[in-house]
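[1] I'll drop the sequence and a predicted model, then ask my questions.
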Amino acid sequence: MALFAVFPTTFFLTLLSLRTYQSEVSAERLPLTPVSLKVSTNSTHQSLHLQWTVHNLPYHQELKMVFQIQISRIETSNVIWVGNYSTTVKWNQVLHWSWESELPLECATHFVRIKSVVDDAKFPEPNFWSNWSSWEEVSVQDSFGQDILFVFPKDKLVEEGSNVTICYVSRNIQNNVSCYLEGKQIHGEQLDPHVTSFNLSSVPFIRNKGTNIYCEASQGNVSKGIKGIVLFVSKVLEEPKNFSCETQDFKTLHCTWDPGTDTALGWFKQPSQSYTLFESFSGEKKLCTHKNWCNWQITQDSEETYNFTLIAENYLRKRSVNILFNLTHRVYLMNPFSVNFENVNATNAIMTWKVHSMRNNFTYLCQIELHGEGKMMQYNVSIKVNGEYFLSELEPATEYMARVRCADASHFWKWSEWSGQNFTTLEAAPSEAPDVWRIVNLEPGNHTVTLFWKPLSKLHANGKILFYNVVVENLDKPSRSELHSIPAPANSTKLILDRCSYQICVTANNSVGASPASVIVISADPESKDVEEERIAGTEGGFSLSWKPQPGDVIGYVVDWCDHTQDVLGDFQWKNVGPNTTSTVISTDAFRPGVRYDFRIYGLSTKRIACLLEKKTGYSQELAPSDNPHVLVDTLTSHSFTLSWKDYSTESQPGFIQGYHVYLKSKARQCHPRFEKAVLSDGSECCKYKIDNPEEKALIVDNLKPESFYEFFVTPFTSAGEGPNATFTKVTTPDEHSAMLIHILLPMVFCVLLIMVMCYLKSQWIKETCYPDIPDPYKSSILSLIKFKENPHLTIMNVSDCIPDAIEVVSKPEGTKIQFLGTRKSLTETELTKPNYLYLLPTEKNHSGPGPCICFENLTYNQAASDSGSCGHVPVPPKAPSMLGLMTSPENVLKALEKNYMNSLGEIPAGETSLNYVSQLASPMFGDKDSLPTNPVEPPHCSEYKMQMAVPLRLALPPPTENSSLSSITLLDPGEHYR
Amino acid sequence: MDLRAGDSWGMLACLCTVLWHLPAVPALNRTGDPGPGLSIQKTYDLTRYLEHQLRSLAGTYLNYLGPPFNEPDFNPPRLGAETLPRATVDLEVWRSLNDKLRLTQNYEAYSHLLCYLRGLNRQAATAELRRSLAHFCTSLQGLLGSIAGVMAALGYPLPQPLPGTEPTWTPGPAHSDFLQKMDDFWLLKELQTWLWRSAKDFNRLKKKMQPPAAAVTLHLGAHGF
């Protein structure tokens, strides 16, 4: 009951209080109108800022209200925006509200008005809107100044992709205004006669110095001015990527991120975006000085958990990225240190290292990498502070590189950096016998054995090989053995052994010990078998060899080879083949094209004695011959010649010589038999003859034409082709008759020479036969006959007794002057007064007594004889032999004679007579040149020609008769001449 | 005339003085200063070199400003950029200037232009452009020094900057960025015109200062014929 009594009382009181409130509000609600509306502008942000108060608000009361704001542009009726703004209004509160205009505020006048309504739960009944405030006009154009043109907004900063509205205000509507964006004209919407706006949608980033927009006012073609703005378009700020933090020492957190695009703009319009690190648990913030990393100090009392926010910020946008982590899960260890190797031997080593201690009871996971011999091994090990790992199965004498890195074992975040060290295992004795082979040369009384061995591989050498031991043991005399120690890196040695069987053991030695021995036995009479050499063809990959198996037991085969032409020791190789194999492929990069290789295949008996089975030779690749033979031309005849190139070696060529090509060129179009037509590389035609036998190194080229020009060229050929091109050698066949002439002329010349020699030898006989001496009249048989028949007193006149007296010269009245040539003066004048005689005075010793004289008529000197050209007996002036040629005419002869005799006679002038000839006394020896000038007229013996005769020219002309000849000759008394 | 001993001593002293000062006589001192001709020639050469250098620099910088400033036919009316010294002058006025006035105008113009150029250098965003601008500024500083040298050689005093008229570059939005770009454009354009004008000035001065020795030599040579 009491309850029922209390309830009505409470309800009444509540109702009463509500009623009282309603009455208070309603009493003042009608005037709740926004008042004191003031509008200001912010040109930079293109915003209108409104502030007002609400009148009649109850004292100390709060009331939710809704304000409706209307904005008009240019004129009040042109409402461009209507919006509500809800807020709680206090008593006497000044309310603020901003509106951002798309159109720059400078472009148009704006009008603003506001009304309100109570929107409070305390007043459930419907409320009414207040009246509109009066229009507030906002215009910034008044502050422009005196320019004729303006463009807005000035220097706006927007983000790439934004929509921007610009406008221009032209004071003079007479001006024609054109606007350009980056040089391209844009078209806008005219807001009023002075104002035009342009909507630019999704503006791109062009350059950090801004996008230029300008308008040009002009009248006609006259520019009145240019005004423009620079629109700064920033790139969109990106969210930082890959943001993470970690610690190496629990003192510093190192945070990194990928900053993305730099949004800086030129002209100080916008700097690069800034980065701020904010930790939400501690509330601490740090402005990062680097664009992609930042350090955060960990304090002792810090929590283990961090919540980091990275904020990137520029003038236009803010971006953030957040990470939440436990510090112990982001431990990035520093790299291990003190990496060492202990107990290193040939195959094992112990690796030790240390880790920077982070916290107590920390377990580390470490990873070890072992690099050596081109291989890599990896091991994982879990450790505390000090790490240790046993490295086994190492190769002796090998350098290894071991490195280690660690991470937190309980919460793996990332590996530390590597720490490494190199170490080398110790040497061990070589593990394998060296591969040994030999060449045996038989010499009188002994063997020269050249041993070759291959160096052990690094795997088997187990260290540096220092020397090779060669033990030679005489099997026939077991007690004697020799040790030769050959220092490395030699790979051969030469042994001279007598004709006994020897066993040779070769071991390789390093600092630790010797390798197993390699054994070879040299028999007392090795390689006596004569084996034919077989030609084989190689390929680029090598040589494929096969052979007949050796009868009997073999422990294997050995194939050795070397360069055919080079020194054996330099290029000697061999290969071991198993006992069940009778073929192998020898392939090595060392085979060179054009080089001939000789292969020998040996079988190794169980006693390790080698037996030569087969010989093979071949080229890995045959090449064409590198040179042509030097060709000689033999037996050149008018119809043939022989070409020979005997000196050409077929062995040392870059291929097996298969034969020769002989090219022959001639003027004839047709080729000779056996030749065929061929076209040379230069396009010329010639004839070609092929010789298939490489040992046939000569060719007789016959059926040639005499006196013809031929050219030939000989080149060898292999399977790869023929030799190099070279010049043709020229040959000209001789004349057909010239040979015959030689055959005839040579014997003739020989015969003539023979005859001449004979003549010389038999000259006396010929003289006697052909031109005997003039007989001595005393010895003549006619003498006896005269004596006998006519006068017994008659005697033969001794030649010495014949003294010529005088020659009477028949004077010729109209004597021609004879001009004496030479140095002597003309004697004509002085001699003319003298009688026309020529006196031939005897020499004193010859005039001992007069005697009968026999005179022979010398017909040689008459004119006719001279005319006949018979000048053989004309006494040639000894001092003028060259004048011989001038004496071919009688006048010349005469003149010459006159001169000579005038010269020789000295005082005796010839006078001007018709004398053709004065005198001739043959000198005792015809042609005795010395006697003639000194005493030419002295006839000592008068033995041959005694007659002195002067023949007048006119008398000489008619044929001589006996009378005329007599009348013309007067034999003078010798006595008269003495007067 | 009667000469006493004191007079002869005085004459000797006078002779010694003359001999002592003989090397200082410009007409005799051939090994010293070669005169203004060489420095004018060098200034002229430097002007031509700067003209060439500016051609490439302006291309780069105007491209950096963007259109319309890098368009070849962009020729806006000169609004703003009022502080820049104008190179254009009426031909008659220019001809009526004497050498001293011309040199003074050149010197003053380059002093101003150099200062504005340094502001340009500060605004350039790319390192390459900054290097080019710095190089050009150094060359222009050299030209200024050369002009001062020529003026000194000719005996003209250097113009003293009036207090308060020293041009300064002020960072920040002194006026709109577009106008700033326009100023840059005009700066480069004025520089180009000034260099062209200076080249003509120095060429004219060079010809004027050339000694008539060459003409005399030519005349004598003709006589020889």
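    Great, that's in hand.
[2] wait, residue A:577 sits on residue A:560?
    No: assessed by C-beta atoms under 8 Å, residue A:577 is found out of contact with residue A:560, at 11.1 Å. The C-beta positions use only the backbone N, C-alpha and C, and glycine is treated the same way.
[3] helix or strand with the lowest mean pLDDT in chain B?
    Ranked by mean pLDDT, DSSP states H and E, the weakest helix or strand in chain B is helix B:213-224, scoring a mean of 38.
[4] so where do the strands sit in chain B?
    For chain B, no strands are identified by DSSP state E.
[5] could you pull out the helices for it?
    Here chain B has its helices, by DSSP state H, at B:5-21, B:36-65, B:91-96, B:99-123, B:127-154, B:177-209, B:213-224.
[6] save those helices as a markdown table, and put in distance to residue A:137 and mean neighbour count too.
    Shown next, in a markdown table, are the helices of chain B (distance: least, C-beta to C-beta, whole Å; neighbours: other C-beta atoms under 10 Å in any protein chain shown):
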| stretch | distance to residue A:137 | mean neighbour count |
| --- | --- | --- |
| helix B:5-21 | 87 | 10 |
| helix B:36-65 | 39 | 18 |
| helix B:91-96 | 52 | 9 |
| helix B:99-123 | 40 | 19 |
| helix B:127-154 | 47 | 17 |
| helix B:177-209 | 29 | 20 |
| helix B:213-224 | 80 | 9 |
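[7] so which of these comes closest to chain A?
    helix B:177-209 (3.9 Å; C-beta to the nearest C-beta).
[8] which other helices and strands contact that closest one?
    Identification of packing neighbours for helix B:177-209 by 3 or more C-beta pairs under 8 Å, 6 or more residues apart in numbering or on different chains; DSSP states H and E yields strand A:211-219, strand A:222-234, helix B:36-65, helix B:99-123, helix B:127-154.
[9] format these as a markdown table; extra columns: distance to residue B:75.
    Formatted as a markdown table, the helices and strands packed on helix B:177-209 follow (distance: least, C-beta to C-beta, whole Å):
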| stretch | distance to residue B:75 |
| --- | --- |
| strand A:211-219 | 11 |
| strand A:222-234 | 8 |
| helix B:36-65 | 13 |
| helix B:99-123 | 20 |
| helix B:127-154 | 23 |
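[10] closest residue of chain A to chain B?
    Counting by C-beta to the nearest C-beta, chain A gets nearest chain B through residue A:183, at 3.4 Å.
[11] hang on, the earlier thing: out of the helices and strands packed on helix B:177-209, point me to the one whose mean pLDDT is lowest.
    Mean pLDDT is lowest for helix B:99-123 out of the helices and strands packed on helix B:177-209, coming in at a mean of 84.
[12] show me what that helix packs onto, helices and strands only.
    helix B:127-154, helix B:177-209.
[13] any chance of those helices in a markdown table, with distance to residue A:478 too?
    Below are these laid out as a markdown table (distance: least, C-beta to C-beta, whole Å):
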| stretch | distance to residue A:478 |
| --- | --- |
| helix B:127-154 | 91 |
| helix B:177-209 | 108 |
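[14] where does the stretch 1-150 of chain A dip in pLDDT?
    A:1-31, A:124-126, A:142-143 (pLDDT under 70).
[15] 50 - rerun?
    A:1-29 (pLDDT under 50).
[16] now do the strands in it.
    Here the stretch 1-150 of chain A has its strands, by DSSP state E, counting those that start in this stretch, at A:34-42, A:47-54, A:62-73, A:79-90, A:94-100, A:110-118, A:136-138, A:149-152.
[17] mind putting those in JSON lines, mean neighbour count and distance to chain B included?
    Shown next, in JSON lines, are the strands of the stretch 1-150 of chain A (neighbours: other C-beta atoms under 10 Å in any protein chain shown; distance: least, C-beta to the nearest C-beta, whole Å):
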{"stretch": "strand A:34-42", "mean neighbour count": "16", "distance to chain B": "15"}
{"stretch": "strand A:47-54", "mean neighbour count": "19", "distance to chain B": "19"}
{"stretch": "strand A:62-73", "mean neighbour count": "19", "distance to chain B": "24"}
{"stretch": "strand A:79-90", "mean neighbour count": "14", "distance to chain B": "27"}
{"stretch": "strand A:94-100", "mean neighbour count": "14", "distance to chain B": "21"}
{"stretch": "strand A:110-118", "mean neighbour count": "22", "distance to chain B": "23"}
{"stretch": "strand A:136-138", "mean neighbour count": "16", "distance to chain B": "22"}
{"stretch": "strand A:149-152", "mean neighbour count": "23", "distance to chain B": "8"}
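[18] and residue A:750, its phi and psi?
    Backbone torsions of residue A:750, given as degrees, to the nearest 10, read phi -60, psi -40.
[19] give the contact list for residue A:434.
    A:453-456, A:468, A:506-508, A:515, A:518 (C-beta atoms under 8 Å, 6 or more residues apart in numbering or on different chains).
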